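Chemist: sequence and predicted structure, then a few things I'm wondering about:
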Number of protein chains: 2
Amino acid sequence: MAGTLGSGVLMRVRVLVRPKAGILDPQGVAVEQALPALGFSGVTDVRIGRLIELEVDDASQVEEMCRKLLANPLVEDYEVQLLGEASGTAA
Amino acid sequence: MAGTLGSGVLMRVRVLVRPKAGILDPQGVAVEQALPALGFSGVTDVRIGRLIELEVDDASQVEEMCRKLLANPLVEDYEVQLLGEASGTAA
């Protein structure tokens, strides 16, 4: 098992997953084209990715989770943000 | 048109869209259930939403964009983060 024993304190972690620069982002294009019809102008470079938030007892695992499950490294970049201790504690 | 004239300076804005508390998040459940098979333990409360990043010349429009297009207020919450000036400038 790749998992290691955690500290007993749950950490709140946020992962931002974005389409890599240069990769077509059809959702972003659709939003950018829809905005003028709704009366919004001056919006450019819309990119849409995934927001993943979780609680984990060993935050050092999260990079590996990104590579193995949360992001597609061929077409996506990811960024891990530690948000601090969660309100609960691990068993 | 609802759009107003901007300052001529493009702002980089990030919008975090999350399923509301209490709303079932099937993607988050799927990830949480897949992690143990990959060797990751101690992960709970996985929630998956959308990450939207854009450049806009009038950042005060973004809240209204969220209500009208970027988020579904029935089942999602959103959070707007101003990231500062973009490298380019608006026409």
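Modeler: That came in fine, so what should we check first? Numbers count the residues shown, from 1 in each chain, chains lettered A, B, ... in the order given.

Chemist: what does stretch A:67-80 rub up against?
Modeler: Residues from elsewhere that reach stretch A:67-80, judged by CB atoms under 8 Å, 6 or more residues apart in numbering or on different chains: A:13-20, A:23, A:49-50, A:52, A:62-63, A:66, B:31, B:34-35, B:38. All C-beta spots, glycine's among them, are computed from the backbone N, C-alpha and C.

Chemist: pretty sure A:Gly84 sits against A:Val9.
Modeler: No: counting by CB atoms under 8 Å, A:Gly84 stays clear of A:Val9, with 10.2 Å between them.

Chemist: neighbour count: the two, which is higher?
Modeler: A:Val9 (13 against 7; other CB atoms under 10 Å in any protein chain shown).

Chemist: and the pLDDT at the more buried one?
Modeler: pLDDT, A:Val9: 90.

Chemist: quickly list what it is bridged to.
Modeler: A:Thr89 (DSSP bridges).

Chemist: same question, A:Asp77
Modeler: Bridge pairing for A:Asp77 - DSSP bridges - gives A:Arg18.

Chemist: one step back: mark which of the contacts of stretch A:67-80 are buried, thanks.
Modeler: The neighbour count (16 or more other CB atoms under 10 Å in any protein chain shown) marks A:13-19, A:49-50, A:52, A:62, A:66, B:31, B:35 as buried among the contacts of stretch A:67-80.

Chemist: for the residue most central in space within chain A, give me its contacts.
Modeler: Closest to where the C-alpha atoms of chain A average out (CA atoms, centre = their mean) is A:Leu16, at 2.3 Å. Residues in contact with A:Leu16 (CB under 8 Å, 6+ apart) are A:Gly49, A:Arg50, A:Leu51, A:Tyr78, A:Glu79, A:Gln81, B:Leu51.

Chemist: what do you get if the cut-off is 10 Å, keeping everything else the same?
Modeler: A:49-52, A:71, A:77-81, B:14, B:16, B:51, B:53 (CB atoms under 10 Å, 6 or more residues apart in numbering or on different chains).

Chemist: what do you get for A:Leu82?
Modeler: A:Met11, A:Arg12, A:Val13, A:Arg14, A:Val56, A:Ala59, A:Val62.

Chemist: many thanks, have a good one.
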